[in-house]
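Visitor: Show me how the following folds:
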Amino acid sequence: MKIKLLSAAIGAAVFGLGASAASATTLEDVKAKGFVQCGVNTGLLGFAQPDASGNWAGFDVDFCKAVASAVFGDPTKVKYTPLSAKDRFPALKSGEIDVLSRNTTWSINRDTAQGFNFRPVTYYDGQGFMVRKSLNVKSALELSGAAVCVQSGTTTELNLADYFKANNLQYNPVVFEKLDEVNAAYDAGRCDVYTTDQSGLYSLRLTLKNPDEHVVLPEIISKEPLGPAVRQGDDQWFDIVSWTAYALVNAEEFGITQANVDEMKNSANPDIKRFLGTEADTKIGTDMGLTNEWAYNIIKGVGNYGEVFERNVGQGSPLKIERGLNALWNKGGIQYAPPVR
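Guide: Presented below is the predicted three-dimensional model:
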């Protein structure tokens, strides 16, 4: 009887430890360590790139800072993990990172079978092609027989095969795992064509030895809805990451900027009061496990969506990419956020 009781006690203790470990949420883990571990690109101008001092900047980096602002009220509470396309999903699945913000396409396989959650699209993109002007190519349909540089482990690689097959074109894939290897191969003339998300092509063109000798072709051959990803199974963290993106978009629609957010706290508009946490009975932030100034902290930390876009990839950046689909829904684009209420 004593042996049975002892075994039961040990079993209960082990179960209790397992239950305790399983109950730890991502938000609790993040708060305990004091920073958000964010997976980013190894180096893509305008999206995620470190300077000589190791300070990261870019569109995807600013999203990491926005999440840290929501959680800690401090955009500097982030540590960055540079990841190749091949390594990004194992890093997220294993818990090495808390959120992946690395120009990653939301697809059905990744959203279901691979066990990740996507929801807000922070950048609507599409796959394109870049070639040397000396080839006198005006369309991707003229690329039959070309050698094409592409990164492995990406939807880009799959889309490339589908496009050439669908159009009865031949091609020779030149495949590399690391982005800098693909860049170097194209710049050295090892392939005729470079294919990736069109935003990436505009970025990568500026890093080539002679950028003006290259042109991005007009064709867009795929839908590439890019945005952050988290692990399935933690709805609270999924909500925090999702509503961080929605807060950036809603702030632009409200006309709230990094410069005027303190002034806007005095607004009589009930939507803005609720959004910035000044309405007396608001509990939106605390319902997510944050403070009710979560959105204020995001905008104070990084600005609104338009500010993030323009300084990193838009007209205030070397890339000078037009907003296009990434304009607000009421300004000709499709960026749209649910209401904060």
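Visitor: Break down the stretch 51-200 of the chain into its helices, ranges please.
Guide: 59-72, 88-94, 108-111, 155-166, 179-187, 198-205 (DSSP state H, counting those that start in this stretch).
Visitor: Just send these back as JSON lines, with mean neighbour count and distance to residue 241 too.
Guide: All C-beta spots, glycine's among them, are computed from the backbone N, C-alpha and C. Written out in JSON lines, the entries for the helices of the stretch 51-200 of the chain read as follows (neighbours: other CB atoms under 10 Å; distance: least, CB to CB, whole Å):
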{"stretch": "helix 59-72", "mean neighbour count": "27", "distance to residue 241": "6"}
{"stretch": "helix 88-94", "mean neighbour count": "17", "distance to residue 241": "12"}
{"stretch": "helix 108-111", "mean neighbour count": "12", "distance to residue 241": "14"}
{"stretch": "helix 155-166", "mean neighbour count": "16", "distance to residue 241": "21"}
{"stretch": "helix 179-187", "mean neighbour count": "19", "distance to residue 241": "24"}
{"stretch": "helix 198-205", "mean neighbour count": "23", "distance to residue 241": "21"}
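Visitor: nearest to residue 221, of the ones you listed?
Guide: Smallest distance to residue 221 across the helices of the stretch 51-200 of the chain (CB to CB): 4.7 Å, for helix 155-166.
Visitor: Any regions of the chain where pLDDT drops low?
Guide: 1-23 (pLDDT under 70).
Visitor: how close does the most centrally placed residue in it sit to residue 208?
Guide: Centroid check for the chain by CA atoms, centre = their mean gives residue 101 as the closest residue, at 3.3 Å. Here the criterion is CB to CB, to the nearest Å. By it, residue 101 lies 26 Å from residue 208.
Visitor: same question, residue 245
Guide: 32 Å.
Visitor: more neighbours, the two?
Guide: residue 245 (23 against 16; other CB atoms under 10 Å).
Visitor: Now that one: which helix or strand?
Guide: Using DSSP states H and E, residue 245 maps to helix 235-254.
Visitor: and whichever helix or strand comes after that helix, what other elements does it pack with?
Guide: For helix 235-254, the succeeding helix or strand toward the C-terminus, using DSSP H and E, is helix 261-264. Applying 3 or more CB pairs under 8 Å, 6 or more residues apart in numbering; DSSP states H and E, one finds that helix 261-264 contacts helix 270-276, helix 294-302.
Visitor: Just name the most buried of those.
Guide: Mean neighbour count, computed with mean count of other CB atoms under 10 Å, is highest for helix 294-302 among those, reaching a mean of 25.
Visitor: quick one, the helix or strand just after it and helix 59-72 angle?
Guide: Using DSSP H and E, the next helix or strand after helix 294-302 towards the C-terminus is helix 305-312. If you take axes from the mean of the first three to the mean of the last three CA atoms, to 10 degrees, helix 305-312 sits at 140 degrees to helix 59-72.
Visitor: Could you tell me the angle between helix 305-312 and helix 235-254?
Guide: 90 degrees.
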